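Enquirer: heads up, no residue letters with this:
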């Protein structure tokens, strides 16, 4: 076994690899960019070396620097994680030539699967079922359009060198094909440096089911069952689970055999994932093979009881697989949710900023239970893989993942209940997150009854993206209690700082006659929802019109940001964080965000100009669809930005005229930068 490895990655996967290495007594070397100098993965390793500036192409994609650091530190192997250099055949080959083990498949296997078109031709020869499509090298647009017509609409255009949902478009009609092809090729070129595409029949209501495979250098190859990754948004996975709901033993065996055949066809060694698209009937087709560890590998670990990173290390060190196919068993059910810094209310645009408050549900260790007189070991109920801590920043340079939340249950219903409970314990203040969206997704009827396909999120949009409504009185009453407790705490702190007790500084609402009443000017989603507070001897009465609630026995812990008390007859516990003019309230019912500012706080501010189109996040202008002076219709595309390797189209908010274009193709723009001056037609 290795004594020292270098981890050529960042974030949660670097922390994940470091944890297994530490358990095995292996020393670790971290690498970092300037943006990650104080990152969690740097602290998780035994030593750390700087790569360069924040941009990935100047740091984490510098294979030459990484190999040089490996040589200088005496690292015997490099673990690439996923993304960055994990599927770069040139890097894998250079590592081998330098005498450093690449903890991944051979370079030839990466090359064989790196082109989706070539991989599908190889799979066809190996007898693995394929979706009808065109996978040729001729990229003439007219030929591609003819092939699409031959296959039959709808079709899927997909980057041949792609992954992660980038460079992929669903085309419903022939008249949309040319525009979709141009957009797909442009995104593929920007993301992968290669604009070659393939065209396939688009399977309606498809399920995305993948098989985890593992092979060693002795010719052994096994599959560790399947994962269902059907719940996706923009072709990117949101929830993953294992085993796949509704999977029969016969189909599992057939898919497993096909995946092992795919791995053997390329002389595979190490961890890999063979991805299939499946019809509702159960018929399945090979889609692609990812020659690395997948983001969702923890659900496989939870149901098998094996550490897949440990398997990677052992296989790369020349050891045989730790288990045979016959010895592998499925235990229970696991679900993973990806917690991202993104704003569901703004089309899921990534959100950046400092994690000013971060609290996760408590992770749990292995447990034992006695059933029928026998003792059983159960996996951890809740696992959190994260690469950030409170105080860290989500930057525009890398993937905006905050954490992976993984739960295990004895069956799917048990796992669903645990996931709902765990999401309710996730608290983030700073960047926007998808936690509330994930809670609604896990609780929606389609997901609960396993009515799965890749269109589930779009199909359930009304449930998952409800219109904003006025919050009930109960959470606003608790929010009022948080404001009042915070005021009392500030007054007490002022007394302590002054070294004296000033009775006039008390915030208990005492009056020589009558009771103090005041209004707290809350707003939700820009709509006023104030409450009136009447001070009482043991608490407050909070009113909104004829509705009233008494808050009593309030206990406030500033260090924990925890609030406990009684609202009427109901005991409550909540976390409350006042961040500038926004109050964040976290209760078992979810995360409530309320605006809170003195009534005169915004006097003199000008109203925003509805005609001004601004950058929703930092990024680069990659295409202009109009010129100054153009008359456009509502919803017409005006400009395309690229941010975090994804394209975002800026469209006309209403009918009008483009007065001026403020940035050219290639310009880097900051969040909020004016992109286009627009004059609406009145």
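Expert: Happy to help now that I have it. Given the structure is predicted, the values throughout are model-derived calculations rather than measurements. Numbers count the residues shown, from 1 in each chain.

Enquirer: any regions of the stretch 451-600 of the chain where pLDDT drops low?
Expert: 502-514, 598-600 (pLDDT under 70).

Enquirer: and the helices in it?
Expert: Using DSSP state H, counting those that start in this stretch, the helices assigned to the stretch 451-600 of the chain run over residues 456-459, 461-464, 473-498.

Enquirer: let's have those helices in TSV, adding distance to residue 136 and mean neighbour count.
Expert: The C-beta positions use only the backbone N, C-alpha and C, and glycine is treated the same way. Formatted as TSV, the helices of the stretch 451-600 of the chain follow (distance: least, C-beta to C-beta, whole Å; neighbours: other C-beta atoms under 10 Å):
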stretch	distance to residue 136	mean neighbour count
helix 456-459	31	17
helix 461-464	37	13
helix 473-498	58	18
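
Enquirer: quick one: which of these is nearest residue 150?
Expert: Comparing the helices of the stretch 451-600 of the chain by their distance to residue 150 (C-beta to C-beta), the top pick is helix 456-459, with 27.6 Å.

Enquirer: ok now the closest one, how far from the chain's centre?
Expert: Computed by C-alpha atoms, centre = their mean, to the nearest Å, the chain-centroid distance of helix 456-459 equals 17 Å.

Enquirer: now what about it, what contacts it?
Expert: By C-beta atoms under 8 Å, 6 or more residues apart in numbering, the list of residues contacting helix 456-459 from outside reads 230, 231, 232, 233, 238, 441, 446, 447, 464.

Enquirer: 10 Å instead?
Expert: 205, 207, 230-234, 238-239, 348, 437, 441, 444, 446-447, 451, 453, 464-465 (C-beta atoms under 10 Å, 6 or more residues apart in numbering).

Enquirer: what about this protein, any weak spots by pLDDT?
Expert: 163-164, 366-376, 502-514, 598-612, 644-647, 682.

Enquirer: so which of the helices of the stretch 451-600 of the chain gets nearest residue 555?
Expert: Taking C-beta to C-beta, helix 473-498 is the member of the helices of the stretch 451-600 of the chain nearest to residue 555, at 8.6 Å.

Enquirer: in a markdown table, list the helices of the stretch 451-600 of the chain along with distance to residue 215.
Expert: A markdown table is the format used below for those (distance: least, C-beta to C-beta, whole Å):
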| stretch | distance to residue 215 |
| --- | --- |
| helix 456-459 | 33 |
| helix 461-464 | 39 |
| helix 473-498 | 53 |
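
Enquirer: can you say which of these is nearest to residue 147?
Expert: If you check each of the helices of the stretch 451-600 of the chain against residue 147 by C-beta to C-beta, helix 456-459 wins as the nearest, at 26.7 Å.

Enquirer: give me the subset of the contacts of helix 456-459 lying in strands.
Expert: With DSSP state E as the criterion, strands contain 207, 232, 233, 239 from among those.

Enquirer: ok, of the contacts of helix 456-459, which come out buried?
Expert: Among the contacts of helix 456-459, those scoring as buried are 207, 230-233, 238-239, 348, 437, 441, 444, 446-447, 451, 453, 464 (criterion: 16 or more other C-beta atoms under 10 Å).

Enquirer: which of those lies closest to residue 501?
Expert: Using C-beta to C-beta, residue 437 comes nearest to residue 501 of the buried ones among the contacts of helix 456-459, at 47.6 Å.

Enquirer: nearest residue to that closest one other than its sequence neighbours?
Expert: Residue nearest to residue 437 in three dimensions, not counting chain neighbours: residue 344, with 4.4 Å by C-beta to C-beta, 6 or more residues apart in numbering.

Enquirer: can you give me phi and psi for the one you found?
Expert: Here is the backbone geometry of residue 344 (degrees, to the nearest 10): phi -60, psi -30.

Enquirer: right, and it touches residue 439 too?
Expert: No - the pair residue 344 and residue 439 does not pass the contact test of C-beta atoms under 10 Å, sitting 11.2 Å apart.

Enquirer: okay, and the common contacts of those two?
Expert: Counting by C-beta under 10 Å, 6+ apart, the common neighbours of residue 344 and residue 439 are residue 464.

Enquirer: buried residues of stretch 67-79, list them for me.
Expert: Within stretch 67-79, the residues scored as buried using 16+ other C-beta under 10 Å are 67, 69, 70, 73, 75, 76, 77, 78, 79.

Enquirer: just give me the neighbour total for the nearest residue to the last one once chain neighbours are set aside.
Expert: Nearest non-adjacent residue to residue 79, counting by C-beta to C-beta, 6+ apart: residue 103, 4.3 Å away. Residue 103 sits with 29 neighbouring residues when counted by other C-beta atoms under 10 Å.

Enquirer: out of the helices of the stretch 451-600 of the chain, flag the one nearest residue 290.
Expert: Nearest of the helices of the stretch 451-600 of the chain to residue 290, taken as C-beta to C-beta: helix 456-459 at 22.0 Å.

Enquirer: all helices for the stretch 51-200 of the chain, in order.
Expert: Ranges of helices within the stretch 51-200 of the chain are 63-73, 89-97, 107-114, 116-125, 141-151, 177-192, based on DSSP H, counting those that start in this stretch.

Enquirer: which of the ones you listed sits most buried?
Expert: Ranked by mean neighbour count, those are led by helix 107-114 with a mean of 21 (mean count of other C-beta atoms under 10 Å).

Enquirer: got the angle between that one and helix 177-192?
Expert: 160 degrees (axes from the mean of the first three to the mean of the last three C-alpha atoms, to 10 degrees).

Enquirer: on that earlier part again, these two touch, right, the residue nearest to residue 79 and residue 95?
Expert: Yes - counting by C-beta under 10 Å, residue 103 touches residue 95, with 9.4 Å between them.

Enquirer: can you list residues touching both of those two?
Expert: Taking C-beta under 10 Å, 6+ apart as the criterion, residue 103 and residue 95 both touch 6, 8, 77, 78, 80.

Enquirer: so what does the helix or strand harbouring the first one touch, helix or strand wise?
Expert: With the criterion set as DSSP states H and E, the secondary-structure element containing residue 6 is strand 4-7. Contact partners of strand 4-7 among helices and strands, from 3 or more C-beta pairs under 10 Å, 6 or more residues apart in numbering; DSSP states H and E: helix 11-23, strand 27-33, strand 47-52, helix 63-73, strand 77-79.

Enquirer: re earlier: of all the ones in strands among the contacts of helix 456-459, which two lie farthest apart?
Expert: Spatially, the most separated pair among the ones in strands among the contacts of helix 456-459 is 207 and 233, at 15.5 Å (C-beta to C-beta).

Enquirer: ok, the closest residue in space to residue 395 that isn't next to it in sequence - contacts?
Expert: Nearest non-adjacent residue to residue 395, counting by C-beta to C-beta, 6+ apart: residue 35, 5.2 Å away. Shown in contact with residue 35 (C-beta under 10 Å, 6+ apart): 10, 53, 54, 55, 56, 59, 393, 395, 396, 397, 398.

Enquirer: doesn't residue 11 make contact with the fifth one?
Expert: The one in question is residue 56. No - contact between residue 56 and residue 11 fails when scored by C-beta under 10 Å: they sit 11.8 Å apart.

Enquirer: cheers, nothing more for now.
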